[in-house]
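Build me a structure from this.
(chains A, B and C)
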Amino acid sequence: MKKLTHGKGFWTAIVVVAILSALIQFLISGGTLNSFYVNTIFYIGINIILATSLHLIMGITGQFSIGHAGFLAVGAYASAIMTMKLDLPFPVAILAGGIAAGIAGLIIGIPSLRLKGDYLAIATLGFGEIVRITFLNIDYIGGASGMQVRHLTTWPWLVACVVLTVVVITNFTNSTHGRACISIRENEIAADAMGINTTYYKVAAFVIGSFFAGIAGALYAHNFYIIQPTNFGFLKSFDILIFVVLGGLGSMSGAVIAAILLTIISTFLQDYSETRMIIYSLVLIIMMLYRPQGLMGTKELTSLFKYRGTGKGGMPNDNKQTIA
Amino acid sequence: MEWIQQLVNGISLGSIYALIALGYTMVYGIVKLINFAHGDVFMVGSFVGFYSISIFHLGFFPALLISMAVCAIFGVLIERIAYKPLRNATRIAALITAIGVSLLIEYTTIYARGAQPEAYPDKLLPFKNVEFFGVKISSQSLFILAISILLMILLQFIVHKTKIGKAMRAVSHDMDAARLMGINVDNTISATFAIGSALAGAAGVIFGMYYTKIEPLMGIIPGLKAFVAAVLGGIGIIPGAMVGGLVLGVIESLVSASGYSLWRDGAAFVVLILILIFRPSGIFGKNVREKV
Amino acid sequence: MTTNKLLLKVEKAGIRFGGLQAVSDVNLELKQGELVGLIGPNGAGKTTFFNLLTGVYVPTEGSIELDGDKLNGLAPFKITRKGISRTFQNIRLFGELSVLDNVKVAYHSRAKHSILSSIFRLPHHFSGEKEMEEQAIEFLKIFKLEGFLHEKAKNLPYGQQRRLEIARALAANPKLLLLDEPAAGMNPQETHELMNLISFIRERFSLTVLLIEHDMLLVMGVCERIYVLDHGQLIAQGTPQEIRNNPKVIEAYLGEEVS
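Now for the predicted structure:
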């Protein structure tokens, strides 16, 4: 029987994360790590949040979203307004970023989620572009030249947000609510017929996912000194998408591992951005041709150690329809 | 009077969207794939035209034909290499592959020749303004419109009067039944990609001539907007793509003319979201629903 | 076990898709506890009729009432919660979920714990999940599926998948169960087991069942009454004996064989 309380694994993981992050804090404050490595580590943290938040929408609920950078942008700008325009403290800004993005998710989710598959994908893409163009046209937040932001993202805040995101999304997934979302991914008509309010859960997944993308936005903005609408274009959405797809749609550990690996690779290739994009796109194409289920397939890292894991993953099925 | 000029600009722009949208709609109609790389085929077509003119000193029409031919071959290559193995995969896998192909083309182009823009030679065609009842209309706009209309008529002819056109319609209606009837489905799909890509190539050359500036990422936005046009007209429906393209071009020009030119790029996406929500099947589309 | 209480009342229900009248003018009544068959040639509109009952399609005419509640225009999940549950002609299990989780999904609408209590692992979450798990396991024992609790649904053999789909539909606690060709693709042995299962669950859960089936042996064997649909219209109703001798029915079926 599956454990219903947090097992040993959970607490072990918490302890490991605590020790590891204390160690990194020590290395940062001791000046052992140069700014290049510190930056990379910060990006890894932010990308883990982005990957897990999109994982909830795409991997668990099966809703194809390719405008995730839009929510990142909303969070970034909302939090930057809090700290730079209203002089509010950083934690308030983080929360505000999350809430603003969550509201954006709600506004976009309710109408868009009537759409399915590639139509939804295109609608989310359109939404991402609308967000970018809107920010481009608002003078209050600097228009195209962007907004100056103070560097406030610190390691403890980052770790706290990453842990919060991962724990919340894991807890959500491993509950009746997560199962409701997975049932939508697996077969929406059957989920509906089993009494699942599919619209409610699709919107819920969208809102929770966008909320955390907004939190990532707040951390991103205050790590960067300046934010501009061009930071949040389609390519950024694509970067997040590739974490989830490469890791294995439906596998959170896959998404996290992909986020870590790809962030490291891309910081080393940052002076060769064309090469990076060529490699990324080739990897993506080859992956879809030869291993469409992604790095981890349907499995979680934890299930590799158990005697039998129930997979939570898999590519959303395109149900081949038969004649009624 | 300025409004009428904007309207004419809108129609010219719209006919470029329409040419690109035709490729999207034909491919979607036949393999149910949003071919994200289509906008990049348009970019490649534009560059092929540019090099034909600037390096080989060809005239406009030879350049147009070469560009269409190169794009047709390019489109078929993309289909054979990247999409064909995925024909029975999930729609999402196919869509992600298409995004991958799109980025690969863009960044390989940048890698090969750099990201700097090129200026299209603009003295290829006689440039003078024609006056209609006090409205100045550039001969270029009329010219673009004429070529686009010609190509669309040609396409209608191919689709409705030729054997390959019949095969295309049969395959898009029911791929398995078409195969059983002895239609070579693979070749038909390739032909669809070839025709759609050739139209995109033509659009690329026309775009270059009209806007005079081309660069490796130029395909992204017109590509997305052409997709919007295809959805607007009803995806999979050829006349829908033409009308959708023209409507979208006019809407954009009117948004610009009303003094919101910075919002012009947003207009297309607002149109997209509105149409997806209120009439996902598009202007000409019929509602199809999932069978249970 | 059949009472005289009317459970389902369908009056002049029909649906039109554009120019196509798929189902029209169907009158059908089910008394509580009845087991009724719905037969008809291919394309007669049987599954479409199920889709009308379950809200997948909204009827364009007529009315559907369950226990006196009007169902027209309700979302499918609301109709399920009111007490109509179904299986599908082409099995629609949640393939990547375990057998246990498939059944738990059917319990979801009765879960007492909220999203927030699950996210923050509040006491409600644990008690709610525990209750759900215990009930689901007990339930699967009834269907002799307890040996597969943690197996992915898609890895079950075909016959067991059909069984699981019926179990899942029943776990949603319906008053009326709709079975859409449950014996499709089964061998005679499996069909026989299925007949026993249907009789068993009907008594065990005091259920009303409406059954679409092509296997005449099964329909004639278990159903008390039969409705016959052809070209979207009811052409006959009655006991199996009456249906067997009804010239209209014979014609509808023969017509199909000739064409």
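
Extract the CA atoms of stretch A:270-290 and return them as CSV.
The C-alpha trace of stretch A:270-290 is given here as CSV (Å, rounded to 0.1, in the frame of the first residue of the first chain):
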residue,chain,number,x,y,z
GLN,A,270,26.2,31.5,-23.7
ASP,A,271,28.8,33.1,-26.0
TYR,A,272,27.7,30.8,-28.8
SER,A,273,24.0,31.3,-28.7
GLU,A,274,23.4,30.1,-32.3
THR,A,275,25.3,26.9,-31.6
ARG,A,276,23.2,26.5,-28.5
MET,A,277,20.0,26.9,-30.3
ILE,A,278,21.1,24.5,-33.1
ILE,A,279,22.0,21.9,-30.5
TYR,A,280,18.7,22.4,-28.6
SER,A,281,16.6,22.1,-31.7
LEU,A,282,18.5,19.0,-33.0
VAL,A,283,18.2,17.4,-29.6
LEU,A,284,14.5,18.1,-29.6
ILE,A,285,13.9,16.7,-33.0
ILE,A,286,16.0,13.6,-32.4
MET,A,287,14.3,13.1,-29.1
MET,A,288,10.8,13.2,-30.6
LEU,A,289,11.9,10.8,-33.4
TYR,A,290,13.6,8.2,-31.2
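
Same question for it: list its buried residues.
Using 16 or more other Cβ atoms under 10 Å in any protein chain shown as the test for burial, stretch A:270-290 gives A:274, A:276-282, A:284-285, A:287-289. Using the backbone N, CA and C atoms, a C-beta is placed for each residue, glycine as well.

quick check, C:Tyr85 in a helix?
No, residue C:85 isn't Tyr; it's Ser. No: if the criterion is DSSP: H, G, I helix; E, B strand; the rest coil, then C:Ser85 is strand and not within a helix.

which residues touch the residue nearest to it when sequence neighbours are not counted?
Excluding the flanking residues, the one nearest C:Ser85 by Cβ to Cβ, 6 or more residues apart in numbering or on different chains is C:Pro174, at 3.6 Å. With contacts defined as Cβ atoms under 8 Å, 6 or more residues apart in numbering or on different chains, C:Pro174 is in contact with C:Thr80, C:Gly83, C:Ile84, C:Ser85, C:Leu207.

Now with 6 Å, please.
By Cβ atoms under 6 Å, 6 or more residues apart in numbering or on different chains, C:Pro174 lies in contact with C:Gly83, C:Ile84, C:Ser85.

Nearest to C:Phe49, out of those residues: which one, please.
Set against C:Phe49, the nearest of the contacts of C:Pro174 by Cβ to Cβ is C:Ile84 (12.5 Å).

burial measure for the closest one, as a count.
27 (other Cβ atoms under 10 Å in any protein chain shown).

Kindly confirm my reading that C:Leu93 forms part of a helix.
No: under the criterion used here (three-state DSSP), C:Leu93 is coil, not part of a helix.

what's the pLDDT at the residue of the stretch 101-250 of chain B found nearest chain C?
As assessed by Cβ to the nearest Cβ, chain C sits closest to B:Gly234 within the stretch 101-250 of chain B, at 14.9 Å. The model reports B:Gly234 with a pLDDT of 87.

likewise the one 3 residues further on?
In this prediction, B:Ile237 carries a pLDDT score of 85.

Repeat that for A:Phe305.
58.

Parallel or antiparallel, list what pairs with the lowest-mean-pLDDT helix or strand in chain B.
Ranked by mean pLDDT, DSSP states H and E, the helix or strand of chain B with the weakest confidence is strand B:129-132, at a mean of 69. Paired strands of strand B:129-132, with direction, are strand B:135-138 (antiparallel) (DSSP bridges).

looking at chain C, which helix or strand does the model trust least?
Bottom-ranked secondary element of chain C by mean pLDDT, DSSP H and E: helix C:247-258, a mean of 72.

Kindly report the residues of the stretch 1-150 of chain C close to chain B.
Contact residues (Cβ under 6 Å from any Cβ of the partner chain) of the stretch 1-150 of chain C with chain B: C:Asn51, C:Val56.

what's the answer for chain A, then?
So far as Cβ under 6 Å from any Cβ goes, chain A lies against chain B at A:64, A:111, A:115, A:117-119, A:123, A:126, A:129-130, A:133, A:137, A:189, A:245, A:274, A:277-278, A:281, A:284-285, A:288-289, A:292, A:315, A:318, A:321, A:324.

Mark which of those are buried, thanks.
A:64, A:115, A:117-119, A:123, A:126, A:129-130, A:133, A:189, A:245, A:274, A:277-278, A:281, A:284-285, A:288-289, A:292, A:315, A:324.

rewinding a little: just give me the closest of the buried residues of stretch A:270-290 to C:Leu179.
Within those, proximity to C:Leu179 (Cβ to Cβ) peaks at A:Met288, which comes in at 38.8 Å.
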